[in-house]
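> pasting the sequence and the predicted coordinates here, then a few questions.
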Amino acid sequence: MYRDEGDETAEPGGSARSTRAPETDLGHLLVGLQLTDSAFPSGFYTLSHGLEGFVQEGAVDRDSLPALLHDLLRHGVGPSDATALALAHRAAAAGDWAAVAATDRRLHATKLNREMRQAATRTGRQLLDLAAEVFGGAGIVRYHRTVTARRAPGTQAVAAGVVYAETGVPVRQAVAADLFAFCASFAGAALRLRLTDHRLAQVLLRRTAPVIEETTRRALARGLDDLGATTFAADVMSARHERAEARLFAS
């Protein structure tokens, strides 16, 4: 078998040591790129984030798609998941695992219907399980065990906060990366639901960049008491989607 003689991470016999957290800006960028890649199998890209429900009710079309995405960022994902990610990141970086779990439970409680809660915990637990193998890190392994033992729900945003903190990615960059992953997943769902095409999906993502910056800035300024979305129409659409006879997406 081919063996790279310069690979210092390989142990005799072929096993690998835990990956150390990157210590450079480029290393942090590479972590973010890997975690936001649609090929990263956390299950995040199996979700429509409520979009399929809007389509089923005839409440969104190609022209109104950007407005829906921007509203979900500003009033839904930003005040809830992005805020929770920032809080969990800071708590994990400080070694305050009780605060990480408290943020996790608070975020889980703010998700008003079963579909969204299940989507958040399924993707979060998968992320922790995979990140423990891919990135290693005592904090990731520790919180994965906490979630596996059912001492915390393991929502996706909090799991991402832990992973980003343990890999040394700065909190601002971590929040922006996860928001972009949400937008890319939303655009991918719009493609499969035939609300857009590949070219316009890229236009949508680029035009959403300033909203991601705005949403990141606001998420970083919130505390635990401010955590919670106010997108009631999206909650209603999700509840209806959960009972739909046919569904393409898990949410």
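Received the coordinates, thanks.

> tell me the mean pLDDT over whichever strand or helix holds Leu204?
Following DSSP states H and E, one finds Leu204 within helix 198-220. On average, the pLDDT along helix 198-220 is 97.

> give the contact list for the closest residue to Arg106 other than its chain neighbours.
Leaving aside its sequence neighbours, Arg106 sits nearest to Leu227 (C-beta to C-beta, 6 or more residues apart in numbering; 5.5 Å). Glycine gets a C-beta too; all of them are placed from N, C-alpha and C. Counting by C-beta atoms under 8 Å, 6 or more residues apart in numbering, Leu227 touches Pro79, Ser80, Thr83, Ala84, Leu87, Thr103, Arg106, Leu107, Thr110.

> doesn't Ala120 fall inside a helix?
Yes: assessed with DSSP: H, G, I helix; E, B strand; the rest coil, Ala120 lies in a helix.

> residues contacting it?
So Ala120 contacts Asp81, Leu107, His108, Lys111, Pro153, Thr155, Gln156, Ala157 (C-beta under 8 Å, 6+ apart).

> am I right that the last one is in contact with Ala84?
By that I understand Ala157. Yes: judged on C-beta atoms under 8 Å, Ala157 makes contact with Ala84 at a distance of 4.5 Å.

> need the overlap of contacts for the two.
Counting by C-beta under 8 Å, 6+ apart, the common neighbours of Ala157 and Ala84 are Leu107.

> quick revisit: which of the contacts of Ala120 fall in strands?
Among these, no residue falls in strands (DSSP state E).

> which of the residues you listed tops the neighbour count?
Thr155 (32 neighbours; other C-beta atoms under 10 Å).

> against Arg105, how distant is that one?
Using C-beta to C-beta, to the nearest Å, Thr155 is found at 9 Å from Arg105.

> which SS state does the nearest residue to Ala189 once chain neighbours are set aside fall under?
In space, and not counting its chain neighbours, Ala189 is closest to Ser48: 3.8 Å by C-beta to C-beta, 6+ apart. Following three-state DSSP, we place Ser48 in the coil state.

> so, low pLDDT: which residues of the stretch 101-250 of the chain?
For the stretch 101-250 of the chain, applying pLDDT under 70 flags the ranges 241-250.

> cutoff 80 now
Applying pLDDT under 80 to the stretch 101-250 of the chain flags residues 238-250.

> before we move on, back to that, out of the contacts of Ala120, which is nearest to Ala165?
Of all the contacts of Ala120, Ala157 has the smallest distance to Ala165: 12.6 Å, by C-beta to C-beta.

> A strand includes Pro41, no?
No: counting by three-state DSSP, Pro41 is not part of a strand but coil.

> grab the nearest non-local neighbour of it.
Nearest non-adjacent residue to Pro41, counting by C-beta to C-beta, 6+ apart: Leu130, 6.7 Å away.

> tell me the spacing between the one you found and Gly136.
12 Å.

> need the nearest residue in space to Gln34, chain neighbours excluded.
Nearest non-adjacent residue to Gln34 (C-beta to C-beta, 6+ apart): Phe40, at 6.2 Å.

> circling back: distance check, the residue nearest to Ala189 against Ser42.
From Ser48 to Ser42 the distance is 16 Å (C-beta to C-beta).

> out of the two, which sits in the busier spot?
Ser48 (25 against 22).

> would you list the phi and psi of that one?
When quoted as degrees, to the nearest 10, the phi and psi of Ser48 stand at phi -100, psi 0.

> what do you get for Thr196?
phi -160, psi 180.

> what about it, how many residues nearby?
20.
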